[in-house]
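*Asks:* what shape does this take:
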Amino acid sequence: MELRQLRYFIAVADEEHFGRAAEKLGMAQPPLSQQIKRLEEEIGVTLLRRTSRRVELTKEGRAFQCVVRKTLANMEQGLEAVRMMSRGEKARLRVGFSASVAHSDFPKVVAAFRRKHPDIVLDLREMHTMEQRRKLQKGDLDAGVLQYFQGEISDLEFHSFVKEPYLLAVRLEHPLAKACSADIRSLHRENIVVYPHTCSTADGAVLSRCKQLGIEPNVVQEAATLQTKLALVASGLGVGFVPRRMKTVCPPEVKMIPFEWKGDPLMSELRVAWNLSKETPELACFLKVVEQFSQHSRIFPGSGDCCSSIRRLTSTLRPIDEKARS
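*Replies:* Take a look at the predicted model:
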């Protein structure tokens with residue numbers, strides 16, 4: 001099996017036509033057809049179903065297409081790493097993170113990674129969750145630590161890093177500050193500060209539950225970050241939901257109290273995400289360090305395979321030899 005045959009196969013699979021694929025590759029159609037036939041004979045599987053008008057992938061062809069795309073992508077990344085070594089450059093890992101991640105164990109992950117892998121440049125980029133998702137899909141980020149919402153994207157892998165309850169932040173002078181806890185009835189006609197719906201579904205879930213129970217909170221302000229939300233609560237503008245990790249930066253004028261839900265509690269979950277087609281040795285090293293600080297064993301008690309994909313990646317990708325890179 002030759003590398004050129006794999007590239008030929010991808011071209012035909014993308015174009016679904018031998019003529020257009022040949023034109024795209026800058027070659028004649030007959031030798032292209034011959035090479036694809038030889039590829040099928042070598043692996044013993046029919047990859048393409050040929051008709052008079054078009055070419056269709058068989059079930060086996062679609063599976064092989066995924067394998068080939070990953071193989072070509074990994075080879076290109078490997079070649080780029082070799083070129084960087086020849087230029088005396090260090091490997092680079094681009095990792096996105098949302099603002100509130102800084103108040104989790106993520107700084108410990110960064111410190112541990114830098115100590116263990118000084119040969120890899122960790123390029124940290126703060127950005128909103130949705131922006132991280134877009135950049136992960138495009139290949140502009142290697143990994144991200146972001147707020148998880150329902151509706152995963154098919155080509156991204158997600159695994160839990162932190163999962164914790166939301167607390168209700170109130171100003172110290174607020175009547176609720178004297179209570180040990182609050183519940184959803186406490187929000188009736190209460191001024192509340194929320195995230196914009198484009199950034200988060202957490203407050204959307206709160207408002208939805210209120211509507212179902214006939215409770216009418218008064219949304220007075222939107223805040224783009226949790227820090228801004230806490231600052232607005234401190235000013236007396238209203239109350240607001242924030243994850244428990246924000247206690248470390250809670251203003252002295254604000255108290256964060258437990259919230260009793262009727263039914264499933266509202267949880268804030270940070271997840272590590274990466275693109276399945278962009279798995280590299282540098283990413284494997286990063287995920288190994290992340291797993292050391294992950295709370296997944298406490299989040300999913302009794303589930304031994306919650307980070308199976310991380311273990312699969314870190315076991316199949318060859319670790320970086322630090323002596324070789326130094």
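*Asks:* what residues sit buried inside stretch 220-233?
*Replies:* 221-223, 226-233 (16 or more other CB atoms under 10 Å). Yep, even glycine has a C-beta here, placed from its N, CA and C like the rest.
*Asks:* so which of those comes closest to residue 142?
*Replies:* Here the nearest of these to residue 142, counting by CB to CB, is residue 226; it sits at 25.2 Å.
*Asks:* what ranges of the stretch 151-300 of the chain fall below the confidence cut-off?
*Replies:* Applying pLDDT under 70 to the stretch 151-300 of the chain flags the ranges 151-154, 197-201, 296-300.
*Asks:* if we can go back for a sec, among the buried residues of stretch 220-233, which are located in strands?
*Replies:* With strands defined by DSSP state E, the entries of the buried residues of stretch 220-233 inside them are 221-222.
*Asks:* residue contacts, the residue nearest in space to the middle of the chain?
*Replies:* Among the residues of the chain, the one closest to the centroid is residue 273, at 2.4 Å (CA atoms, centre = their mean). Taking CB atoms under 8 Å, 6 or more residues apart in numbering, we find residue 273 in contact with 132-133, 136, 143-146, 156-158.
*Asks:* that one and residue 66, how far apart?
*Replies:* 19 Å (CB to CB, to the nearest Å).
*Asks:* if we can go back for a sec, the residue nearest to the centre of the chain falls within a strand, correct?
*Replies:* Yes. Membership of residue 273 in a strand is supported by DSSP: H, G, I helix; E, B strand; the rest coil.
*Asks:* in stretch 114-127, what counts as buried?
*Replies:* Neighbour-count burial for stretch 114-127, counted by 16+ other CB under 10 Å, picks out 117, 119-120, 122, 127.
*Asks:* how about those residues, which pair is most distant?
*Replies:* Across these (CB to CB), the longest gap, 25.7 Å, separates 119 and 127.
*Asks:* on the three-state scheme, the nearest residue to residue 15 once chain neighbours are set aside is what?
*Replies:* Among residues not flanking residue 15 along the chain, residue 21 sits closest, at 4.3 Å (CB to CB, 6 or more residues apart in numbering). Of the three states, residue 21 takes helix under three-state DSSP.
*Asks:* just give me the neighbour total for residue 21.
*Replies:* Applying other CB atoms under 10 Å, we find 23 residues neighbouring residue 21.
*Asks:* and the next element down the chain from the lengthiest strand in the chain?
*Replies:* Counting residues, the longest strand found in the chain (DSSP E) is strand 156-171. Using DSSP states H and E, the helix or strand that directly follows strand 156-171 along the chain is strand 182-183.
*Asks:* so what strands line up beside that following strand?
*Replies:* When sheet partners are counted by DSSP bridges, strand 182-183 sits next to strand 259-260 (parallel).
*Asks:* residue 10 contacts residue 64, doesn't it?
*Replies:* No. Counting by CB atoms under 8 Å, residue 64 is not a contact partner of residue 10; they are 9.9 Å apart.
*Asks:* neighbour-wise, which of those two wins?
*Replies:* Between residue 10 and residue 64, counted using other CB under 10 Å, the more crowded position is residue 64 (22 against 17).
*Asks:* in the stretch 51-200 of the chain, mark out all the helices, start to finish.
*Replies:* 59-86, 106-116, 129-138 (DSSP state H, counting those that start in this stretch).
*Asks:* what's the closest of these to residue 183?
*Replies:* helix 129-138 (28.0 Å).
*Asks:* that closest one: how far from the chain's middle?
*Replies:* With CA atoms, centre = their mean, to the nearest Å as the basis, helix 129-138 stands 8 Å off its chain's centre.
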